[in-house]
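K.L.:
Can you look at this prediction? I've put the sequence above it.
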Amino acid sequence: MSSLFPTYARWDIEPRKASGLKITSETGKEYLDFTSGIGVLNLGHCHEKVKMAVTEQLNKYWHVSNMFQSSIQERTAKMLADASGLSQVFFANSGAEANEAAIKLARKATGKSKIVTCQQSFHGRTFATMAATGQEKIKTGFGPMLASFEYVPFNDHDAMKAAIDENTAAVMIEIVQGEGGIHVVQQSYLDAIQTKCQEHGALLIIDEIQTGIGRTGKPFAFQHFNILPDIITSAKGLGNGLPIGAMIGKEELSVFFDPGSHGSTFGGNPVSVSAAEAVLKEIFQSGFLKETVKKAEYLESELAKALNGIEEVKEIRGLGMMVGIECKQDVQVFLMELQEEGLLVLSAGPKVLRLLPSLTVSESEIDTAINKIKKVLAIKQTV
């Protein structure tokens with residue numbers, strides 16, 4: 001019997017080594033990884049520059065505390081601030097912790113308590129972020145939930161405008177609902193949210209945990225739209241596999257997070273931050289995201305051509321390197337069949353296949369993945 005709590009429905013695969021987009025299992029089977037560790041490995045497995053940065057930091061020291069000055073935190077925070085158009089950064093260990101910090105800051109800065117989020121959203125599994133998440137299935141058995149969270153349908157302008165009132169501290173929203181089915185926000189919806197937030201003195205928080213750090217072809221996904229949020233949160237791709245999260249906010253909010261108001265023993269750990277610095281240098285360098293956009297366009301166009309006419313496929317949607325294939329039936333059987341074919345993908349809800357390849361993916365790897373997906377879905381059509 002395993003000594004691990006059974007909180008994960010684990011695949012029957014144990015990795016032996018991984019590099020780029022390839023995972024080799026203990027049995028010797030090779031897999032093409034289009035999961036990126038659930039949107040984490042934006043630079044692929046065991047990226048050399050990240051490995052070098054982490055090794056260099058390990059040879060210096062790997063923990064002191066946040067009582068010390070940290071030039072590596074300062075440099076990395078500056079890159080995040082410059083890339084986002086915001087100003088101040090708080091480092092945490094995960095996306096959930098970054099979202100917790102955002103919720104705390106919004107309530108303290110506004111003196112209000114209500115947080116408006118969307119149905120089918122996902123913001124984490126800690127108590128505040130679980131309350132913020134618009135999916136009942138992750139809350140079952142853990143109630144009562146924290147009060148003052150309200151949920152509205154995604155992209156429903158009228159419902160959102162009605163929910164934002166004088167008691168609202170913030171609206172927290174994803175640009176693309178990653179766990180909720182790969183649904184992309186509408187510009188008009190964001191416009192309505194920002195206008196209504198400004199009317200009532202509420203903050204706009206964009207959860208960029210899965211969409212940020214180049215995943216959609218821009219440093220942050222909100223930059224596809226004509227808005228500037230008050231706070232964004234980042235994690236996943238930020239550390240390329242090392243545990244780190246970040247809350248990034250406007251300068252005027254810094255007064256509300258003064259010494260002693262918030263903290264984390266391990267947040268901003270020098271090893272994780274060294275990984276993040278290497279990631280940001282690589283992804284934000286000239287030309288990298290242009291190539292990402294080209295590859296994302298190639299993935300979108302080739303996938304559409306390959307799956308055209310396959311009855312099982314209802315819709316292909318997404319933004320950049322976040323792609324959802326909505327099917328007519330539950331996709332779990334497809335996930336297992338694709339694994340047999342040597343391709344790892346995810347689900348996003350019961351009927352959506354989710355593709356999250358590393359941004360370093362090649363066109364030939366895209367072709368290989370598409371051929372495997374077409375084979376599995378086309379076979380299902382003939383059964």
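P.N.:
Nice, thanks for sending it over. Remember, predicted model here, so these are calculated numbers, not experimental data. Numbers count the residues shown, from 1 in each chain.

K.L.:
Every contact and neighbour count from this point should use C-alpha atoms.
P.N.:
Will do.

K.L.:
burial count for Ser148?
P.N.:
Per other CA atoms under 10 Å, the neighbour tally for Ser148 reads 15.

K.L.:
hang on, it packs against Ile115?
P.N.:
Yes - counting by CA atoms under 8 Å, Ser148 does reach Ile115; the two are 6.3 Å apart.

K.L.:
Quickly list what's touching both of these two.
P.N.:
Residues touching both Ser148 and Ile115 by CA atoms under 8 Å, 6 or more residues apart in numbering: none at all.

K.L.:
Could you list the buried residues of the worst-scoring helix or strand of the chain on mean pLDDT?
P.N.:
The weakest-scoring helix or strand in the chain, judged by mean pLDDT, DSSP states H and E, is helix 363-382 (a mean of 91). Within helix 363-382, the residues that count as buried by 16 or more other CA atoms under 10 Å are Glu365, Ile366, Asp367, Ala369, Ile370, Lys372, Ile373, Lys374, Lys375, Val376, Leu377, Ala378.

K.L.:
what's the burial count for the closest residue to the second one other than its chain neighbours?
P.N.:
Going back to what we said before, that points to Ile366. Closest residue to Ile366 apart from its sequence neighbours, by CA to CA, 6 or more residues apart in numbering: Leu299 at 6.4 Å. By the criterion of other CA under 10 Å, Leu299 has 19 neighbours.

K.L.:
Check whether Leu299 sits in a helix, strand or coil.
P.N.:
The three-state assignment at Leu299 reads helix, by DSSP: H, G, I helix; E, B strand; the rest coil.

K.L.:
In this structure it contacts Glu365, no?
P.N.:
No - in this structure Leu299 lies outside contact range of Glu365 using CA under 8 Å: 10.0 Å.

K.L.:
can you pull the contacts of Ile370?
P.N.:
Glu302, Leu303, Ala306.

K.L.:
Kindly report the same for Arg10.
P.N.:
Neighbours of Arg10 in contact, by CA under 8 Å, 6+ apart: none.

K.L.:
Am I right that Glu326 is in a strand?
P.N.:
Yes - counting by three-state DSSP, Glu326 is found in a strand.

K.L.:
Distance of it relative to Glu297?
P.N.:
Computed as CA to CA, to the nearest Å, the Glu326 to Glu297 distance reads 19 Å.

K.L.:
check contacts around the most centrally placed residue in the chain.
P.N.:
Closest to where the C-alpha atoms of the chain average out (CA atoms, centre = their mean) is Gln210, at 0.8 Å. Shown in contact with Gln210 (CA under 8 Å, 6+ apart): Gly39, Val40, Gly178, Ser234, Ala235, Lys236, Gly237.

K.L.:
who's Ile248 bridged to?
P.N.:
Legend: beta-bridge partners of Ile248 under DSSP bridges are Val89, Ile232.

K.L.:
Among the contacts of Ile370, which ones are in helices?
P.N.:
Taking DSSP state H, the ones among these that sit in helices are Glu302, Leu303, Ala306.

K.L.:
ranking those by neighbours, who comes first?
P.N.:
Counting by other CA under 10 Å, top hit in the ones in helices among the contacts of Ile370: Leu303 with 21 neighbours.

K.L.:
For that residue, which non-adjacent residue is closest in space?
P.N.:
Using CA to CA, 6+ apart, the nearest residue to Leu303 is Ile370, at 6.1 Å.

K.L.:
Repeat that for Asn240.
P.N.:
Using CA to CA, 6+ apart, the nearest residue to Asn240 is Leu41, at 4.6 Å.

K.L.:
So that neighbour belongs to a strand, correct?
P.N.:
No - under three-state DSSP, Leu41 falls outside any strand and is assigned coil.

K.L.:
how close does it sit to Ala106?
P.N.:
Leu41 is 30 Å from Ala106, by CA to CA.

K.L.:
circling back to that earlier point, count the residues that sit near the residue nearest to Asn240.
P.N.:
29.

K.L.:
quick one: secondary structure of Ala106?
P.N.:
The three-state assignment at Ala106 reads helix, by three-state DSSP.

K.L.:
ok, it touching Val171?
P.N.:
No - with contact defined as CA under 8 Å, Ala106 does not reach Val171; the gap is 9.4 Å.

K.L.:
who touches both of those two?
P.N.:
Leu203.

K.L.:
distance of the residue nearest to the centre of the chain from Glu56?
P.N.:
Taken as CA to CA, the span from Gln210 to Glu56 is 28 Å.

K.L.:
just Phe34 next, same as before
P.N.:
29 Å.

K.L.:
Pick out whichever of the two has more residues nearby.
P.N.:
Phe34 (26 against 13).

K.L.:
residues touching the closest residue to the more buried one other than its chain neighbours, list them.
P.N.:
Among residues not flanking Phe34 along the chain, Pro357 sits closest, at 4.2 Å (CA to CA, 6+ apart). Contact partners of Pro357, counting by CA under 8 Å, 6+ apart, are Leu21, Asp33, Phe34, Thr35, Ser36, Gly39, Asn42, Met321, Met322.

K.L.:
And the fourth one, how close does it get to Ser358?
P.N.:
Read it as Thr35. In this view, Thr35 and Ser358 are 8 Å apart by CA to CA.

K.L.:
For the protein, which segments count as helices?
P.N.:
Under DSSP H, the chain gives helices at 36-39, 48-58, 71-84, 95-110, 127-132, 157-163, 187-200, 270-283, 288-307, 332-340, 363-382.
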